[in-house]
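A.B. asks: what's the 3D shape of this:
(4 chains)
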Protein chains: 4
Amino acid sequence: MKYSVAVAGASGYAGGELLRLLADHPEFEIRTVTGHSNAGKPLIASQPHLRSLAHLTLQETTPEVLDGHDVVFFALPHGASGALTAQLTNVRLAVDCGADHRLTSEADWAAFYGGDYNEAWTYGVPELIVAGEPGVGGGQSPARQREALAGATRIAAPGCNASTVALSLAPGIAAGVIEPADIVTVLAVGPSGAGKAAHTHLLGAELMGTANPYAVGGTHRHIPEIQQALRGAGAPETPTLSFTPVLVPMSRGILATSTARIVPGTSAADVRAAWENAYADETFVHVLPEGVFPRTADTVGANTCLMGVAIDEAAGRVVIVAAVDNLAKGTAGAAIQSANIALGIPEATGLSVNGVAP
Amino acid sequence: MKYSVAVAGASGYAGGELLRLLADHPEFEIRTVTGHSNAGKPLIASQPHLRSLAHLTLQETTPEVLDGHDVVFFALPHGASGALTAQLTNVRLAVDCGADHRLTSEADWAAFYGGDYNEAWTYGVPELIVAGEPGVGGGQSPARQREALAGATRIAAPGCNASTVALSLAPGIAAGVIEPADIVTVLAVGPSGAGKAAHTHLLGAELMGTANPYAVGGTHRHIPEIQQALRGAGAPETPTLSFTPVLVPMSRGILATSTARIVPGTSAADVRAAWENAYADETFVHVLPEGVFPRTADTVGANTCLMGVAIDEAAGRVVIVAAVDNLAKGTAGAAIQSANIALGIPEATGLSVNGVAP
Amino acid sequence: MKYSVAVAGASGYAGGELLRLLADHPEFEIRTVTGHSNAGKPLIASQPHLRSLAHLTLQETTPEVLDGHDVVFFALPHGASGALTAQLTNVRLAVDCGADHRLTSEADWAAFYGGDYNEAWTYGVPELIVAGEPGVGGGQSPARQREALAGATRIAAPGCNASTVALSLAPGIAAGVIEPADIVTVLAVGPSGAGKAAHTHLLGAELMGTANPYAVGGTHRHIPEIQQALRGAGAPETPTLSFTPVLVPMSRGILATSTARIVPGTSAADVRAAWENAYADETFVHVLPEGVFPRTADTVGANTCLMGVAIDEAAGRVVIVAAVDNLAKGTAGAAIQSANIALGIPEATGLSVNGVAP
Amino acid sequence: MKYSVAVAGASGYAGGELLRLLADHPEFEIRTVTGHSNAGKPLIASQPHLRSLAHLTLQETTPEVLDGHDVVFFALPHGASGALTAQLTNVRLAVDCGADHRLTSEADWAAFYGGDYNEAWTYGVPELIVAGEPGVGGGQSPARQREALAGATRIAAPGCNASTVALSLAPGIAAGVIEPADIVTVLAVGPSGAGKAAHTHLLGAELMGTANPYAVGGTHRHIPEIQQALRGAGAPETPTLSFTPVLVPMSRGILATSTARIVPGTSAADVRAAWENAYADETFVHVLPEGVFPRTADTVGANTCLMGVAIDEAAGRVVIVAAVDNLAKGTAGAAIQSANIALGIPEATGLSVNGVAP
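C.D. replies: So this is what the prediction gives:
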C-alpha cells in the first residue's frame, strides 16, 4: 500500500517540484495539497504544468488538514513550518524544505534568520560525509548522512546552495587535502530559488539579460549551514567562507564554483582522488572526468549533483564546479531521496539521473 | 577636421561595437570597414543594427586598404593583427582590440597563446593605477595609465575580463590593504566575448537556461594580463589568482566577483577608502555606496565599470563585484577612450555613462 | 536656452527610458523627476543605469511640483494622468505616455479601459499616414501625423504595440492594396512593456525559457487604438483585427507579425511599392530590402521601427514583420520625437537610428 | 523481453531527446547509438545530461550497424535517412524523425525540399483526426491517425511545427466550423528545433534578448505538411495558410497562435465544442478551460500539446494558442508514442503529461 502524502505550500516552486516528482513515485500517493492565498482553488491554476494532478484542490495549511498523513512535506516560507510541525500528532514522517529545522546552533539561527528557534532535524543530504562518529562507517568508505536518515521521522531538507557547496567541499575536508580556512565560493543561481512571491527585483525585466549579485559580503543565510555541514565532515575548526551568489537569467539551476587552498605538500593525484573516492559509489553525485565540467542544463529536472574538479597549481587551490537543479536535487529531490531512505524505500525510487537538455 | 578611421574586422562583435560608438563620435569619420569572409558585402548585412552605416561596404583586410588612415582599429582574432600592423607605414594611431600586443612577457605569451610574439603596445586602460614610476603622478593622486596613453601611437585595448579584474583589484594592491597572494575571481560572462564564429558550444540552445563554466583551473588567457596589470599597480610579487569564467544567458556583460585577503590589521574603513579614493575622480569607473552592488544591465552600451565593495570580516576578505559591458568598456569603449587620450581629444568624447536598461 | 523638463513617474521603465534619452538631448534640461512610493529617494536607486542623473531626487507627483516646467512628460499608470494634467496651468507642452488621452471614442475607452474618459490629445506617431484631410499634404507624399504635431501643446504618446502595428499596416491601407477586413497580428513582446509593478506572472522564473500568451481573443487595449489609427490612414471602414500578444524572454522589444489580405488583382510590385514609398523619406521607419526581416535586437535603444515585407501569393496575404524597442520608439522615443516636432526642434534630435546589439 | 533499439543521429538534439525518453521506457532497450562526426566517442560527451547512458559509445551510422534491431529511430538531417532506410532488411519498426518520409506529394517535396523523393510512411501524430475513410471510426468519435499506426512498420514522425498546427486546426476543419481558406499562424519557437550544427545565426549572442523571424512569406517547409494533414482531416480543398515562425530566446518550445475564419452562422458554443469534443478522450492533447491559455514552460519534457481556444467575435475568427515541447511531443515523444501504438504497447508508456516548470 502506498504512503499517503500531503504537501504544504503546494502552490510555490518547491511545492510544485515536490508534486512533479511525487506524481511519478510508485510508493507515494498525493492525497492533500495546501496553499495560503490560493486555498480553495484548483492546484492546476498554480501549477499548470502538472496535468496529472488537475483533480486536486488546494486546502488551507492547518494542522488539522495535514495531520494523519503518513508523510507530510513542507514547502513553506522560512519561519512558517516550525509552529505548524509542533502541532502534528500523527505523522510518521515530516520533511521540511524550509530552513526552520536545519541549524543546530541557536546562535547561528539568531544571527542569520532571527525569530523563534526550532530544534534541528535530521539533515537531508544523504551523500554528505560524516566524520568522527566512532563505530560508524568503520570500513573503507566514510560514514554518510544517509545512515542518520535511515528510520528518521523528522527531516530537514537542505538549502539548495548549502548542500551544493557542502557536497563540493566535504571530500577535501574529510580527506584532509584542503584547508578549511579561506574557502571562496561564487554561485550563478536562477531565481526560482527565491520563490514565487512577487518582488520588483525578481521581475523578468530585472533579471533577463543581466547578472545581479545579492547578499554580498558574508550575509547569505546558507553560510552557517555550510559551515555546520563541513564541521560534520571533519573540519577541525569552523571553516571560513567567502560566499557570493549571483542571479543569472535561467529559471532553474545553481552553478557553484568553490575554491579552497590545497594543503601544502599534497599531490594533485591525492587531491583528485579525494573527490573521486568520495562519490565513486554514489548514484546521484558524480565527479566528472579530469578536464570536464558540468553545465546546469545537464541537471534540469534530475536529482544529480555533477561536479568537475581542477587543481590549479599556480594558484595553490583546488576548484570545484558543481551543478545542481536548485528545485530538484537542491530541494525537492533531496527531500524525496531522504524520505525514501527514512522509510526504507530504495533510495533512488522516483528520481532520475538524466536531465532535460537542451 | 575629423580623423579618418578604418575598422578592421568590422563584421564581428567587437567591430560592430566600435562602429556603433564611432558613428556618434564627433571627431572621427568612419571611412573604411573591412571583413574577411564577408568582404565585398554591405556592412549592414553583418551589422543590421547600425542603420546609420548602411552605406558602407566591407573591403578586404589588407595593409593597402588600411594604410593611410589617421586611426585604424583592429578587431581581429588573436594572432591576426601582429603581422598586419607591422606593414602599416602611414597610420598615426593603431589600436588593437586583439591580444597580440598586450603582454610584455614573451614567456607568458608562449604559455597562454603560442605562436609569434609581438611587442607590447601601450595598454589601453586609462584608469588603471600605475605605481613606482618616479616623477609620474607625484601629487596626491596615484599615477594612471592615461598618462602613458597621452600621445601614444600604438595602443593595445585590454581583454574584457582582464581589465575588469585589474580595475577591481588595483586599488587594494596599490594602497597595500590586500595581499597579492591568493586572489580568487569568478566571472559571469555573456557569450559575445567569444566572438561571432560559429561553434557548437556557443549555440543558443547550448547557452540559454544554463550556466556553463570554461577554462577552469588556471588556463584562461587573461590571467597573465591581470597579473601584469597588478604588478604595474604595485604588487611586490606576481599575484596568484584563481580565475573561473562562467558563461551565462545574456548576450553582453561581465560580472566579476573578486576576493582578496585583507592585510591583517587593516581597518574596514581603510579598505573601503582604498577603492573610493582610487576612483573618486574618474568619469567611467564608479564605486557604489556601501551595501550597493552593480548589475551588468546597468552598464549595457555604456563605458562604465561599476563596482561594489564589501568587507567580509568573518572571512577576512574584501569582495569586489564589478560590472562592465564586455563589448563597450571591456573592448570598444576602452579602445575609443584610449584613442581620445592619445589624440588629445577630451577623454569622454563619444562615450556614455548611462546604460540601456532594463 | 534649454527647455526645462519634468518627468512624472520617473522610477518606472518608461520613465527611465525618457530620462536616458533626455539626458543626452541638447535642448532639454531635466529639472524635476517624480515618483510615487519612491518619492524622497534618489533616482539612482530606481534607475541604477542612469549614472549621469545620480544627483536627482524623486519628488511627489503633484500638480505643484510639475507646473511651471516648459515640458512635462507623464509616464504614469493608465488613469493617473488625466486628473493630474487637468490641473496644470503653466506647462507649454505636456506629453502623456499613458493611455488616458489616446482614444477619440469615448465608447472605445469605456469598452477597453473604463473609468473617466479624457479628451484625446494629438497622437504622437509622426510617421503615421493621415488621409482625407483636404489641403493637407496635397503634394506627392501623403500627409503625416507630424503635421498635426507641429506646434502641439498636448501630445498622447502611442501604445507601443499599437504604433508598431499601425505603422506596419497604414501604407497598405492608404494605398488601397490591402483589405481593412480580417487583419491578423501576433506579437512577440518583452515584459518591460507591462511595467515595473510586482506581479507573480511577470516574475523572471515565470518568463524565462517560455512563451506566454495573454489578452487572447480580442481583449487587448491597443486594438481600438490601432483601428483608430488605420481609420485615420484612410480605411473606409473600421478594420477588423485579430490581435494576440505573446510574452517572450527578452526584457525589451516587440516583433509584430501582421498579415492582411491583398486586394485581388494587385501586383506584388504594387504591394511592395506601397510600403517602400510610404517610408522612403523617413529617418526612423525603414523598410528593409526584399527577403530581409528585422530582429528586435537591431532596435534596442534606438528610435527605429524596422520592417520587412513579404508577399505570400499562395496565401493571398502580405506579411509585415516589424521590430521596435517598446520603451524607445514604442514609448519614450516617440514622445521625444513628437516633442521635438511640437517645439520646432529638428525631429531627430537626441534620438538614434543605431541599436545596441548583440 | 524488451525490444532492442538503435538510435541513429544520437548526438543531436532530437537524438538526445529520444534517448532521454527511451532510457526510462520499460519496453525498450537501447542497444546501439550512432553518430557522424562524433562516431567512436562516448555518447556522454555529446549528451552530458544523459548520465544513465554514460556507458554507450557512438558508432558509425551505417546499414550494417543499424540492421537487426527490433526498432530503429532516425534523427538525421533531412535527406539522410531516405537512402539509409532503403537498405535495412531486418528491422521490425523504423521511425524517421526527419522529413524524408512525411509528404505524400512528390510535387510538394520538390517545391519545398528538393532532392530525391522518398515514399511517405505512416504519419506519426496519433491524435490527428482522419476523415473520409469509410468504415474507419464509424462510431461517435472521429477516426484518428492512431488507427493507421497500429501495426505500422514504417513511421514518419511529424515536423514539430506542423503537428502543433495540424492538431490546432483539425478539430475545426473536421467539424466544419472554420473555413480552410485564409488560415494565419505565427509561432514563437526555440532554436533547438534547428538542430545542433553550428551556424552563426543560431549563436547564443544572436538569439538572446531578441525575437528573430525566419522563413517569412510562405517558404517554411512545414507548410505542405500542415496542408496534407488538414486535407486528411476533411478539408474540402487545400487550406491556404500564412505561416510565420519567430525564433525567441528559449531553448525548447513552440507556441503556435493559429487563427481561422469561423464559418458564418456558427455559434461560439459550437466552435468551442469542436475542440473540446475532439480531444476530450486524449491523454496528451488537452483543451484548457475557456479563458485559459498555455505557456510553453508547461510542456517542457512532457508529451503534451496544450491548447487554449478563444472566439473573437469582432474579428470573426477563432484563435487557437497551442504549446508543445518541440523536442518531446514535437519530435521524440511523437515518435515513441507512435512506436508504442505500432508495437501494441500501451500508448502512453514512457511518456509524461507533466512538464518541468518553472
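
A.B. asks: Kindly list the longest helix within chain A.
C.D. replies: Secondary structure of chain A per DSSP state H: the longest helix is helix A:160-175.

A.B. asks: quick one: the residue in the stretch 251-358 of chain A that chain C sits nearest to and D:V300, what's the gap?
C.D. replies: For the stretch 251-358 of chain A, the residue closest to chain C is A:S251, as judged by C-beta to the nearest C-beta, at 4.5 Å. All C-beta atoms are positioned from the backbone trio N, CA, C, and that covers glycine. According to C-beta to C-beta, to the nearest Å, A:S251 and D:V300 sit 10 Å apart.

A.B. asks: so where's chain A shaky on pLDDT?
C.D. replies: For chain A, residues meeting the criterion pLDDT under 70 lie at A:132-141.

A.B. asks: repeat that with 80
C.D. replies: By pLDDT under 80, the low-scoring segments of chain A are A:132-142.

A.B. asks: where along the stretch 251-358 of chain A do the strands fall?
C.D. replies: A:254-261, A:285-287, A:305-312, A:317-324 (DSSP state E, counting those that start in this stretch).

A.B. asks: and the shortest one, is it in reach of chain B?
C.D. replies: Just to be clear, that refers to strand A:285-287. No. Under the criterion of C-beta under 8 Å from any C-beta of the partner chain, strand A:285-287 makes no contact with chain B; the nearest approach is 13.7 Å.

A.B. asks: Quick check: which helices or strands does that strand pack against?
C.D. replies: helix A:268-279, strand A:305-312 (3 or more C-beta pairs under 8 Å, 6 or more residues apart in numbering or on different chains; DSSP states H and E).

A.B. asks: Write out the residues of chain A neighbouring chain D.
C.D. replies: So chain A meets chain D at A:13, A:16, A:20, A:23-24, A:47-53, A:192, A:208-209, A:251-252, A:286, A:292, A:294-295, A:297-302, A:304, A:306, A:352-358 (C-beta under 8 Å from any C-beta).

A.B. asks: Just the buried ones out of these, please.
C.D. replies: Buried members of the residues of chain A next to chain D, scored by 16 or more other C-beta atoms under 10 Å in any protein chain shown, are A:13, A:16, A:20, A:23, A:47-53, A:192, A:208-209, A:251-252, A:286, A:294-295, A:297-302, A:304, A:306, A:352-358.

A.B. asks: show me where the stretch 51-200 of chain A has strands.
C.D. replies: A:58-60, A:71-74, A:93-96, A:122-123, A:129-130, A:143-144, A:154-156, A:183-189.

A.B. asks: Output these in TSV, with mean neighbour count and distance to C:A215 appended to each entry.
C.D. replies: Output for these, formatted as TSV (neighbours: other C-beta atoms under 10 Å in any protein chain shown; distance: least, C-beta to C-beta, whole Å):
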stretch	mean neighbour count	distance to C:A215
strand A:58-60	19	26
strand A:71-74	28	36
strand A:93-96	26	40
strand A:122-123	24	47
strand A:129-130	24	54
strand A:143-144	20	53
strand A:154-156	24	43
strand A:183-189	29	32
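
A.B. asks: quick one, which of those strands is nearest to chain B?
C.D. replies: strand A:183-189 (3.6 Å).

A.B. asks: that older thread, among the helices and strands packed on strand A:285-287, show me which one is buried the most.
C.D. replies: strand A:305-312 (a mean of 25; mean count of other C-beta atoms under 10 Å in any protein chain shown).

A.B. asks: Just the CA coordinates for that strand, please, in PDB.
C.D. replies: What follows is strand A:305-312, C-alpha atoms only, in PDB (Å, rounded to 0.1, in the frame of the first residue of the first chain):
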ATOM      1  CA  CYS A 305      24.900  16.900  -8.400                       C
ATOM      2  CA  LEU A 306      27.600  17.000 -11.100                       C
ATOM      3  CA  MET A 307      31.000  18.300 -10.300                       C
ATOM      4  CA  GLY A 308      34.200  18.900 -12.000                       C
ATOM      5  CA  VAL A 309      37.500  19.200 -10.100                       C
ATOM      6  CA  ALA A 310      40.500  21.200 -11.200                       C
ATOM      7  CA  ILE A 311      43.800  21.600  -9.500                       C
ATOM      8  CA  ASP A 312      45.300  25.000 -10.100                       C
END
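
A.B. asks: Which strands or helices does it pack on?
C.D. replies: Using 3+ C-beta pairs under 8 Å, 6+ apart, strand A:305-312 is in contact with helix A:160-175, helix A:268-279, strand A:285-287, strand A:317-324.

A.B. asks: thought A:G82 was touching A:A120?
C.D. replies: No. Using C-beta atoms under 8 Å, A:G82 is not in contact with A:A120; the gap is 11.3 Å.

A.B. asks: tell me the helices in the stretch 101-250 of chain A, going along the chain?
C.D. replies: Along the stretch 101-250 of chain A, counting by DSSP state H, counting those that start in this stretch, helices occupy A:106-112, A:145-149, A:160-175, A:204-207, A:223-232.

A.B. asks: so can I have CSV of those showing mean neighbour count?
C.D. replies: Shown next, in CSV, are those (neighbours: other C-beta atoms under 10 Å in any protein chain shown):
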stretch, mean neighbour count
helix A:106-112, 15
helix A:145-149, 20
helix A:160-175, 28
helix A:204-207, 28
helix A:223-232, 25
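
A.B. asks: Kindly state which of these is positioned closest to chain B.
C.D. replies: Judged by C-beta to the nearest C-beta, the one of these that comes nearest to chain B is helix A:204-207, at 4.2 Å.

A.B. asks: and that closest one, what other elements does it pack with?
C.D. replies: Helix A:204-207 packs on helix C:204-207, going by 3+ C-beta pairs under 8 Å, 6+ apart.

A.B. asks: Please export the C-alpha coordinates of the helix it packs on as CSV.
C.D. replies: Listed next in CSV are the C-alpha coordinates belonging to helix C:204-207 (Å, rounded to 0.1, in the frame of the first residue of the first chain):
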residue,chain,number,x,y,z
GLY,C,204,11.7,36.1,-14.0
ALA,C,205,11.0,32.4,-13.2
GLU,C,206,7.6,32.7,-14.9
LEU,C,207,9.0,34.2,-18.1
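
A.B. asks: tell me, how many neighbours does A:A131 end up with?
C.D. replies: By the criterion of other C-beta atoms under 10 Å in any protein chain shown, A:A131 has 17 neighbours.

A.B. asks: Might you enumerate the residues of the stretch 201-350 of chain A proximal to chain C?
C.D. replies: A:L202, A:L203, A:G204, A:A205, A:E206, A:L207, A:M208, A:G209, A:P249, A:M250, A:S251.

A.B. asks: Is the fifth one in contact with A:T200, as I believe?
C.D. replies: Yes. With contacts counted by C-beta under 8 Å, A:E206 reaches A:T200, the gap being 6.8 Å.

A.B. asks: can you list residues touching both of those two?
C.D. replies: Residues touching both A:E206 and A:T200 by C-beta atoms under 8 Å, 6 or more residues apart in numbering or on different chains: none at all.

A.B. asks: Which residues lie in contact with the residue nearest to A:D312 when sequence neighbours are not counted in this structure?
C.D. replies: Spatial nearest neighbour of A:D312, excluding adjacent residues (C-beta to C-beta, 6 or more residues apart in numbering or on different chains): B:G218 at 3.8 Å. Contact partners of B:G218, counting by C-beta under 8 Å, 6+ apart, are A:A310, A:D312, A:E313, A:A314, A:A315, B:S242, B:F243.
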